[in-house]
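**Student:** Any chance you can model this:
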Amino acid sequence: MQEYKPVPLPIYTQEAKLPGVKSFPEEKQALPEQKPNPIPKKIQPQEFNLNQAVQTALKADPVILAAFESINQAEADLITAGLLPNPDFSAGGSLIPLDKRFTVDRQGGPPQIDIGIAMPIDWFLFGKRTAAIVSGRLGVDIASADFANTLRLRIAGTISAFYSVLEAQAMLELAQENQDNLLKMEQIILNRVSLGGVGTIEADRIRLSIFSSHRDIHARELELIAALNQLRSLLGIADDIPITVKGTLEVESPVKPLSIDTAFKLAEENRPDLVSMQRQLDKAGADIALQESKAYPQVTPKIGLTRQFQQQAIGFPDANSWGAGVDVIVPLFDRNQGNIAKAKSVLSQSQFNLQLQYVNLRSEIDQAVNTFASAYQILINDDPGQLEAAKNVRDKINQAYALGGKTLIEVLDAQRIYLETYRMHINGRSSYWHSLYQLNAVIGKEILR
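**Tutor:** Just a heads-up that it's a prediction; the model follows:
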């Protein structure tokens with residue numbers, strides 16, 4: 001039987017020159033080797049851009065590597081389905097003296113040796129092997145589609161984790177910037193207190209704000225650690241190696257959203273889980289044919305040789321002879337009724353599962369399209385000068401406070417407005433990238449870039 005190759009599937013982000021299903025046997029052999037090199041005193045962090053993160057996940061993510069083994073297992077089942085049954089060889093003796101030897105005077109037997117060989121042919125007569133091969137090939141197609149769906153989900157998860165790290169980094173930098181500004185303001189206040197310009201209550205108040213900023217930095221650091229650990233898991237990095245990401249949340253040219261109907265049609269063409277469901281439906285039909293073929297009788301022709309030792313037993317010359325026959329198991333009671341009924345039930349179940357998947361897909365598409373459209377509207381309606389204006393207001397109020405022209409409440413309020421504006425700026429761009437790649441993942445192909 002020739003080697004079977006599954007039908008190629010559209011792989012998520014394959015247009016970005018990422019490896020597809022066919023490259024994985026080679027990629028799996030190229031996993032990083034554990035070399036017994038001495039541990040350096042200071043481990044250098046590994047830096048990943050988006051493409052490097054996705055490539056690393058494809059090569060080293062244990063979930064992806066484990067999912068690929070399902071294809072190997074399906075191919076092994078196909079090999080088993082195509083194998084011919086083994087012939088049955090038999091050899092034995094009969095009519096052998098038990099207590100005394102046979103002679104011409106004490107005749108018996110004569111003893112004989114029988115050698116025979118039998119080979120089932122019902123796999124050929126009733127198409128049992130062909131039906132098993134058809135079912136096995138569809139099993140390989142299903143495993144390939146399931147693997148492609150695993151790729152889709154893991155790549156989408158890696159991209160989401162990557163942008164979560166970028167967002168956490170930006171939030172941490174903003175929190176540190178806020179603390180630096182408060183520390184500068186504290187120094188100004190302490191100078192004014194020493195000169196008698198303000199009371200010590202303002203020094204206590206700025207210390208409370210600094211304490212709050214410390215807690216904010218700590219919370220942002222924990223968020224960054226959680227995001228990095230999530231990304232580390234998707235990259236398949238088990239060692240205690242620091243990792244960093246290289247990228248930006250800025251959007252040069254926002255992509256216009258798709259309509260729900262357009263996205264749904266694209267998903268129907270590219271979602272590998274839908275392809276898997278459809279192939280499961282085909283396999284269920286093939287399994288019915290397979291079980292029905294097994295209801296036919298087992299037919300086993302046989303042929304044999306016999307050597308009779310007559311000279312000593314009855315006085316006649318030894319003789320050779322042959323014989324032939326056929327064994328047929330007549331299916332009077334067991335006609336594989338249970339397995340046929342089960343296969344038909346699996347077909348109905350597969351039909352219902354496919355219908356449910358289309359219902360869920362419509363819901364996913366609707367949610368993803370609306371989420372991206374909302375992020376797009378927020379992004380394009382965001383005033384580019386709003387952030388700069390908030391920063392200018394903060395700096396001018398700080399300068400005025402140093403000269404005694406503003407109150408501390410006005411300073412802290414300006415700082416709070418700047419902080420909230422900047423957080424909205426970060427959240428808006430992070431939401432845009434998250435929703436864009438989530439919509440691509442729901443469609444099953446990199447449509448938006």
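**Student:** make it CA atoms for all contacts and neighbour counts henceforth
**Tutor:** Noted.
**Student:** how close does Arg207 sit to Leu195?
**Tutor:** Computed as CA to CA, to the nearest Å, the Arg207 to Leu195 distance reads 19 Å.
**Student:** between those two, who's got more neighbours?
**Tutor:** Set Arg207 next to Leu195 and count neighbours by other CA atoms under 10 Å: Arg207 wins out with 15 against 10.
**Student:** From Ile64, how far out is that one?
**Tutor:** Taken as CA to CA, the span from Arg207 to Ile64 is 50 Å.
**Student:** and what of Gln357?
**Tutor:** The gap separating Gln357 from Ile64 is 22 Å, by CA to CA.
**Student:** So for the two, which sits in the more crowded spot?
**Tutor:** The residue with the greater number of neighbours, taking Gln357 and Ile64 and applying other CA under 10 Å, is Ile64; the counts read 22 against 15.
**Student:** isn't that one right next to Arg152, touching?
**Tutor:** No: under the criterion of CA atoms under 8 Å, Ile64 lies out of contact with Arg152, with a separation of 10.1 Å.
**Student:** which SS class is the residue of the chain positioned farthest from its centre?
**Tutor:** Counting by CA atoms, centre = their mean, the extreme residue of the chain relative to its mean C-alpha position is Asp105, 82.4 Å from that point. Taken by DSSP: H, G, I helix; E, B strand; the rest coil, the conformation at Asp105 corresponds to coil.
**Student:** Then the one 5 residues further on?
**Tutor:** Secondary structure state of Pro110, per three-state DSSP, is coil.
**Student:** Any stretches of the chain with poor pLDDT?
**Tutor:** Per-residue confidence of the chain (counting by pLDDT under 70) places the weak regions at 1-4, 7-43, 197-199, 383-384.
**Student:** Helices of that one, residue ranges please.
**Tutor:** When assigned using DSSP state H, the helices of the chain occupy the ranges 24-29, 50-60, 62-82, 122-125, 128-194, 200-235, 260-270, 272-294, 311-314, 337-381, 384-402, 408-443.
**Student:** Dump those to a markdown table, plus distance to Val328.
**Tutor:** A markdown table is the format used below for those (distance: least, CA to CA, whole Å):
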| stretch | distance to Val328 |
| --- | --- |
| helix 24-29 | 45 |
| helix 50-60 | 53 |
| helix 62-82 | 22 |
| helix 122-125 | 10 |
| helix 128-194 | 16 |
| helix 200-235 | 57 |
| helix 260-270 | 49 |
| helix 272-294 | 14 |
| helix 311-314 | 36 |
| helix 337-381 | 19 |
| helix 384-402 | 85 |
| helix 408-443 | 54 |
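**Student:** Arg101: which of the ones you listed is closest?
**Tutor:** Put simply, out of the helices of the chain the one that sits nearest Arg101 is helix 311-314, at 8.0 Å, with distance taken as CA to CA.
**Student:** Show me which residues of that closest one are buried.
**Tutor:** Of the residues in helix 311-314, those with enough neighbours to count as buried (16 or more other CA atoms under 10 Å) are 312-314.
**Student:** Let's have those residues in JSON lines, adding distance to Trp322.
**Tutor:** Below are those laid out as JSON lines (distance: CA to CA, whole Å):
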{"residue": "Gln312", "distance to Trp322": "21"}
{"residue": "Ala313", "distance to Trp322": "20"}
{"residue": "Ile314", "distance to Trp322": "21"}
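**Student:** Can you give me the neighbour number for the nearest residue to Ala375 once chain neighbours are set aside?
**Tutor:** In this structure, Ala375 finds its nearest non-sequential neighbour in Tyr432, 5.0 Å apart by CA to CA, 6 or more residues apart in numbering. Counted with other CA under 10 Å, the neighbours of Tyr432 add up to 25.
**Student:** correct me, but Tyr432 touches Tyr376?
**Tutor:** Yes: in this structure, Tyr432 sits in contact with Tyr376. The criterion is CA under 8 Å, and the distance is 6.3 Å.
**Student:** So for this structure, which residue is the most central one in space?
**Tutor:** Thr150 (2.3 Å).
**Student:** what's the spacing between the closest residue to Tyr358 other than its chain neighbours and Ala284?
**Tutor:** On the basis of CA to CA, 6+ apart, the spatially nearest residue to Tyr358 that is not a chain neighbour turns out to be Leu274, at 8.0 Å. Here the criterion is CA to CA. By it, Leu274 lies 15 Å from Ala284.
**Student:** In terms of neighbours, single out the busier of those two.
**Tutor:** More neighbours surround Ala284 than the other of Leu274 and Ala284, with 24 against 20 (other CA under 10 Å).
**Student:** For the more buried one, which non-adjacent residue is closest in space?
**Tutor:** Of all residues not flanking Ala284 in the chain, Leu347 sits nearest, at 4.9 Å (CA to CA, 6+ apart).
**Student:** wait, what's in contact with the one you found?
**Tutor:** 281, 284-285 (CA atoms under 8 Å, 6 or more residues apart in numbering).
**Student:** residues touching the nearest residue to Ser293 once chain neighbours are set aside, list them.
**Tutor:** Closest residue to Ser293 apart from its sequence neighbours, by CA to CA, 6+ apart: Lys128 at 5.5 Å. By CA under 8 Å, 6+ apart, the contact set of Lys128 is 122, 290, 293-294.
**Student:** Can you name the two of those that sit furthest apart?
**Tutor:** Asp122 and Leu290 (13.0 Å).
**Student:** Which one's more surrounded, the two?
**Tutor:** Using other CA under 10 Å, the more surrounded residue of Asp122 and Leu290 is Leu290, with 23 against 19.
**Student:** Do I have it right that the more buried one meets Phe126?
**Tutor:** No: using CA under 8 Å as the test, Leu290 is too far from Phe126 to be in contact (10.2 Å).
**Student:** So what pairs up with Ser94 in the strands?
**Tutor:** On the basis of DSSP bridges, Ser94 is bridged to Gln112.
**Student:** Check the gap between Thr200 and Arg192 for me.
**Tutor:** Note on Thr200: its distance to Arg192, by CA to CA, is 9 Å.
**Student:** quick one, which of the two is more surrounded?
**Tutor:** Between Thr200 and Arg192, counted using other CA under 10 Å, the more crowded position is Arg192 (19 against 14).
**Student:** Please report how far the more buried one lies from Asn181.
**Tutor:** Distance of Arg192 to Asn181, computed by CA to CA: 17 Å.
**Student:** What of Lys344?
**Tutor:** Distance from Lys344 to Asn181, counting by CA to CA: 71 Å.
**Student:** And for Thr300?
**Tutor:** According to CA to CA, Thr300 stands 91 Å off from Asn181.
**Student:** Please apply the same query to Asn392.
**Tutor:** In terms of CA to CA, Asn392 sits 13 Å off from Asn181.
**Student:** and the residue nearest to Ser435 when sequence neighbours are not counted, what does it touch?
**Tutor:** Residue nearest to Ser435 in three dimensions, not counting chain neighbours: Phe372, with 4.9 Å by CA to CA, 6+ apart. For Phe372, the residues meeting the contact criterion (CA under 8 Å, 6+ apart) are 257, 432, 435-436, 439.
**Student:** Quick one: which of those residues is the most crowded by neighbours?
**Tutor:** Neighbour counts for these, by other CA under 10 Å, peak at Leu439, which reaches 29 neighbours.
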